[in-house]
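Asker: need the 3D shape of this:
(one chain, ligands or ions: 1)
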Amino acid sequence: TLYTDPSQVPAANKYTYIIVGAGPAGSVLANRLSEDSNNKVLLIEAGPSDSVNPYIPVPFLCHGLSPDTNVNWNYTTVPQIGLGGRKVPYPRGRTLGGSSSINYMIWTVGPSSDFDRWAAAVGDSSFSWKNVQGIIKGIEALVPPADGHNTTGQIIPSIHGTNGPVHISVQGYPNEMDSKVFGATAQLSAEFPFNEDMNSGNPLGIGWTQFSVGGGVRYSGAKAYLDPIISSRSNLDIVLNAQVTKIVRTGTSGGLPVFNGVQFAQSASSSKYSFNATKEVILAAGAINTPQLLMLSGIGPSAELSSHGIPTVVDLPDVGAHLQDHVVLPNVWLVNSTFTYDDLVYNETLFIEDYVQWQTSHNGPLATGPTTETGWFRLPSNSQILKAYGDPSSGPLSPHYEFLFAEAFSSFVQESPAAGHYMMLSTNLITPTSRGTVKLASANPFDDPLIDPALLASTFDKLTIREAIKAARRFAAAPAWKGYLVGEYAGTGFAAAQTDAQIDAYASANAATVFHPFGTAFMSPASSSKGVVTPDFKVKKTHGLRIVDASVFPYIPTSHPQAAVYIFAEKAVKAIKNS
Ligand SMILES: Cc1cc2nc3c(=O)[nH]c(=O)nc-3n(C[C@H](O)[C@H](O)[C@H](O)COP(=O)(O)OP(=O)(O)OC[C@H]3O[C@@H](n4cnc5c(N)ncnc54)[C@H](O)[C@@H]3O)c2cc1C
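Answerer: Have a look, this model is predicted:
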């Protein structure tokens, strides 16, 4: 049953599992745990249905879902030291599908070494690359792009799943820039090699972006895992517009506090409702709201809790610590072209034509994701930066920085100019050594948490993004761009940023988040005094409570991370079913 208001859930209902948050992780859990008809499952989502915003299913319109929309928590960071004290928007999805309903849909599983490093860090080989292959194939269904073109040479079908819930495709509708990107890749292949499929375990090089898009439609966690079962599974209840305000301690077992109750409400002024799970409460509220909720419930660093008058039930200092995020720096070039996606911003008639085409056939330019090529690179092995600061990557296949290409103006700091044609080649920092925090602003669950992703805060991060910008300029100097790239855009300070000091100042003034918070309730061996959850996703020093979402990763994926979240969630299901 789908309830749109907390007051509709019958008070007499009994649940085996209560899941908090309907992002990709929560959607996987709700589907898999309700496969067993003996389980009665309640999925609680703070936001509304994903049907309230018509842009959600339209791949290219992901740009219109952040910031400040009705399916978003619309957070802002605290002032960022590495960004000259700027605060930056920090969108998180607040609807069925969570952030996978507002994200940019880039689908990357990351390097094999990420999985092997997680396995080593948590002391459990089931997380290794070799051991998650079956899980990855079970999640994916590789499908043709919306324009149906032959994808030979763009993707290796044999490494993908064919029958999973999340549809995956390359973008379709090749544009003018694509041939230039691959021309430059061929010309400069020693530094920027072509990679036919970056989801093979080796992402390095430049290739076609794969998206969680099928048939021209976004595949969010909700579309993939909830839509197919929402009306048929009588043992699954979903309640929308219900914000969990506290995880409730219901007793003690074996000397440990049992946390299998939840309290939720529609808003600060509305009534509160409480339910207990007979087995477990599973937090899947994401890397920002999961630590917030733990702290509101007395689970976290005791000094932080007592500063807000919250009694500590379980002292876990790593709750809200170790926040890791990727940094985006959109670099813009002017291009010599009569059409780029900028025209959709300038020409309303054209936009409406394309939108109508998408509405009638799920086809056309809006049926594709926003960034047609992606590249992953390492600092050179003799790099002074690696010598001085160590190598934070997971191994020789793990990238330090990324290129993302889009045939349009893009800046997180400025509005689009009123005219002109542009290309964006963003340089993204993938292995940050900075660590930030999520803290409470107050004991009121309806106050936004204080989010400090510490963007570009460390010297390693600053020096690496500087090298990435220089690499992007080397790539843009390839002969293939001649006649197409006109010059670097001046308005963001890019063209004028030539000395190292100028480049650093430009990066600090223009960088923002790639929206990938991770690690705020990280996993470690059960015997370790560090960390928040055990390798079977149980919250340490408690009974009846697990966390399954982006919070639990000991290191941020060196990729776009949604695939890793699905993989961890499918792994967690196995752990829950086995216990
Ligand atoms: C704008 C944007 C673009 C992105 N682009 C990409 C991309 O292209 N590729 C990629 O791989 N990744 C991308 N990501 C990241 C990716 O979407 C996330 O890593 C992933 O969704 C995290 O999943 P999650 O289940 O941990 O949390 P979330 O997806 O954040 O879901 C958490 C859910 O819990 C709900 N919730 C939170 N608190 C409560 C509460 N107290 N009570 C009830 N419900 C609650 C939220 O409303 C939300 O629905 C992007 C993210 C954003 C925001």
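Asker: now do the same end-to-end measure for stretch 328-343.
Answerer: 24 Å (CA to CA, to the nearest Å).
Asker: next: stretch 213-228.
Answerer: 16 Å.
Asker: say whether the ligand is contacted by that stretch.
Answerer: No: Stretch 213-228 is not in contact with the ligand by CB under 6 Å from any ligand atom; minimum separation 6.9 Å. For glycine as for every other residue, the C-beta is placed from the backbone atoms N, C-alpha and C.
Asker: mind listing what's buried along that stretch?
Answerer: 213-214, 216-227 (16 or more other CB atoms under 10 Å).
Asker: output the residues you listed as a markdown table; include the columns pLDDT and distance to residue 418.
Answerer: Converted to a markdown table, those look like this (pLDDT from 0 to 100; distance: CB to CB, whole Å):
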| residue | pLDDT | distance to residue 418 |
| --- | --- | --- |
| 213 | 98 | 30 |
| 214 | 97 | 36 |
| 216 | 97 | 30 |
| 217 | 98 | 32 |
| 218 | 98 | 29 |
| 219 | 98 | 35 |
| 220 | 98 | 33 |
| 221 | 98 | 37 |
| 222 | 98 | 37 |
| 223 | 98 | 36 |
| 224 | 98 | 39 |
| 225 | 98 | 42 |
| 226 | 98 | 41 |
| 227 | 98 | 40 |
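Asker: just curious, which of the residues you listed is nearest to the ligand?
Answerer: residue 221 (6.9 Å; CB to the nearest ligand atom).
Asker: wait, what's in contact with the closest one?
Answerer: 22, 23, 24, 25, 26, 27, 28, 97, 98, 100, 101, 566 (CB atoms under 8 Å, 6 or more residues apart in numbering).
Asker: same question, residue 233
Answerer: Neighbouring residues of residue 233 by CB under 8 Å, 6+ apart: residue 34.
Asker: then residue 318?
Answerer: By CB under 8 Å, 6+ apart, residue 318 lies in contact with 301, 521, 522, 530, 531, 532.
Asker: in PyMOL, how would I select just the buried ones from those residues?
Answerer: Of the contacts of residue 318, the buried ones can be selected in PyMOL as follows, counting by 16+ other CB under 10 Å:
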select buried, resi 301+521+522+531+532
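Asker: could you list which of the contacts of residue 318 also contact the ligand?
Answerer: With CB under 6 Å from any ligand atom as the criterion, the contacts of residue 318 include none near the ligand.
Asker: could I get the contacts of residue 318 as a markdown table with distance to residue 347?
Answerer: Shown next, in a markdown table, are the contacts of residue 318 (distance: CB to CB, whole Å):
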| residue | distance to residue 347 |
| --- | --- |
| 301 | 53 |
| 521 | 46 |
| 522 | 47 |
| 530 | 55 |
| 531 | 52 |
| 532 | 50 |
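Asker: from residue 44, how far off is residue 263?
Answerer: 10 Å (CB to CB, to the nearest Å).
Asker: okay, the two: which has more neighbours?
Answerer: residue 44 (29 against 17; other CB atoms under 10 Å).
Asker: residue 466 reaches residue 506, doesn't it?
Answerer: No: taking CB atoms under 8 Å as the definition, residue 466 is not a contact partner of residue 506, at 9.6 Å.
Asker: where along the stretch 451-579 of the chain do the strands fall?
Answerer: Here the stretch 451-579 of the chain has its strands, by DSSP state E, counting those that start in this stretch, at 485-488, 512-513, 545-547.
Asker: go through those strands and name the closest to residue 280.
Answerer: strand 545-547 (6.0 Å; CB to CB).
Asker: and the closest one, anywhere near the ligand?
Answerer: No: no part of strand 545-547 sits close enough to the ligand to count as contact by CB under 6 Å from any ligand atom; the gap is at least 9.6 Å.
Asker: quick one: residues contacting the closest residue to residue 45 other than its chain neighbours.
Answerer: Spatial nearest neighbour of residue 45, excluding adjacent residues (CB to CB, 6 or more residues apart in numbering): residue 22 at 4.0 Å. Taking CB under 8 Å, 6+ apart, we find residue 22 in contact with 30, 43-45, 95-98, 221-222, 226, 238, 284.
Asker: same question, residue 328
Answerer: Shown in contact with residue 328 (CB under 8 Å, 6+ apart): 404, 412, 426, 428, 511, 512, 513, 514.
Asker: sort those by pLDDT and name the bottom one.
Answerer: Here the lowest pLDDT out of those sits on residue 412, with 81.
Asker: so it sits in a strand?
Answerer: No: with DSSP: H, G, I helix; E, B strand; the rest coil as the criterion, residue 412 is located in coil rather than a strand.
Asker: excluding sequence neighbours, find me the nearest residue to it.
Answerer: Using CB to CB, 6+ apart, the closest residue to residue 412 is residue 512 (3.7 Å).
Asker: shouldn't the one you found be in contact with residue 88?
Answerer: Yes: assessed by CB under 8 Å, residue 512 is found in contact with residue 88 at 4.7 Å.
Asker: what does the helix-or-strand element of the chain with minimal mean pLDDT rub up against?
Answerer: Across the helices and strands of the chain, mean confidence by mean pLDDT, DSSP states H and E is lowest for helix 342-346: a mean of 93. With CB under 8 Å, 6+ apart as the test, helix 342-346 has contacts from 350, 351, 354, 365, 408, 409, 416, 418, 419, 420, 421, 422.
Asker: how far does it sit from the chain's center?
Answerer: How far helix 342-346 lies from its chain's middle: 27 Å, per CA atoms, centre = their mean, to the nearest Å.
Asker: and stretch 331-345, by the same measure?
Answerer: With CA atoms, centre = their mean, you get 27 Å for stretch 331-345.
Asker: look at that stretch and report the distance between its end residues.
Answerer: Using CA to CA, one end of stretch 331-345 lies 19 Å from the other.
Asker: ok, residue 465 to residue 370 distance?
Answerer: Using CB to CB, which is the criterion applied here, residue 465 is 21 Å from residue 370.
Asker: please read the previous query as pertaining to residue 243.
Answerer: Using CB to CB, residue 243 is found at 30 Å from residue 370.
Asker: who's in contact with the residue lying closest to residue 448 once chain neighbours are set aside?
Answerer: Of all residues not flanking residue 448 in the chain, residue 75 sits nearest, at 5.6 Å (CB to CB, 6+ apart). Each residue near residue 75 by CB under 8 Å, 6+ apart is listed here: 89, 90, 91, 92, 288, 448, 449, 451.
Asker: give me every residue in the stretch 401-550 of the chain lying close to the ligand.
Answerer: Residues of the stretch 401-550 of the chain lying near the ligand by CB under 6 Å from any ligand atom: 515, 516, 549, 550.
Asker: how about a cut-off of 8 Å?
Answerer: 445, 514, 515, 516, 517, 518, 549, 550 (CB under 8 Å from any ligand atom).
Asker: pLDDT wise, what is the fifth one at?
Answerer: Translated: residue 517. 98.
Asker: so residue 230 makes contact with residue 240?
Answerer: No: Residue 230 is beyond contact range of residue 240, at 11.5 Å (criterion: CB under 8 Å).
Asker: residues shared between the contacts of these two?
Answerer: residue 2.
Asker: give me the more crowded residue out of those two.
Answerer: Per other CB under 10 Å, whichever of residue 230 and residue 240 has more neighbours is residue 240, with 23 against 16.
Asker: so what's the more buried one up against?
Answerer: 2, 3, 4, 5, 45, 47, 48, 49, 96.
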